[in-house]
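> how would this look folded up:
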Amino acid sequence: MNYFELFGLEPAPVVDKSKLSVKYFELQKQNHPDFFLQDSEAEKEEALEVSANINKAFNIFRNEIKTLEYFLEYKGFIKDGEKFELPQDFLMEMMELNESFDEKDNESITAELSEINQQLSAEVKPILANTALYNDVPSLEKLKEWYYKQKYLQRILDRLSD
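Sure thing, here's the model as predicted:
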């Protein structure tokens, strides 16, 4: 199931969230299993499956990182369980940050991570803003690297909240 098609969206690493809820409710009104109670078992099963896919797609598109991941999977740039090697300079920066954890409070670390995230996002902003680059291999590779850096930063934030 192609979730972009399901929601009537052009494949993109970001989606317009203002239209997302409206489309979700529209799709659920058309496909929710409760509207198929008088139909055959096969039609009920299909409605249940479509409704589940609508829910899954909606949850993906509401989350920026999951949307990016889904887009990169759609484009064939990442695969489930893939091991991606982050650049050494990024890893060194993260190592230094990790070593400073004992000297800083969680708020300071979170602020520092937020600043790093803003810098990383600024690097890919031109790609995200230009739909012509959604098929450009170097741009997709840059988005892929950004995705894995985002995941790395999120793991650090998750560790802080433990």
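> which residues of the protein score low on pLDDT?
162 (pLDDT under 70).
> domain ranges for it?
Listed by automatic domain parsing, the domain ranges of the chain are 3-62, 88-161.
> how much space between the residue nearest the centre of the chain and Y147?
The centroid of the chain falls nearest to K66 when counting by C-alpha atoms, centre = their mean (2.0 Å). Going from K66 to Y147 by C-beta to C-beta, to the nearest Å gives 10 Å. C-betas here are computed from N, CA, C, even on glycine.
> can I assume K142 is in contact with K125?
No. With contact defined as C-beta atoms under 8 Å, K142 does not reach K125; the gap is 11.1 Å.
> more neighbours: these two, which one.
K142 (16 against 10; other C-beta atoms under 10 Å).
> residue contacts, that one?
123-124, 127 (C-beta atoms under 8 Å, 6 or more residues apart in numbering).
> try it again with 6 Å
Listed by C-beta atoms under 6 Å, 6 or more residues apart in numbering, K142 has no contact partners.
> any idea how far D136 is from it?
9 Å.
> for this structure, what spans make up the strands?
Secondary structure of the chain by DSSP state E: no strands are present.
> tell me where it has helices.
3-6, 17-31, 41-62, 64-74, 88-99, 106-129, 137-161 (DSSP state H).
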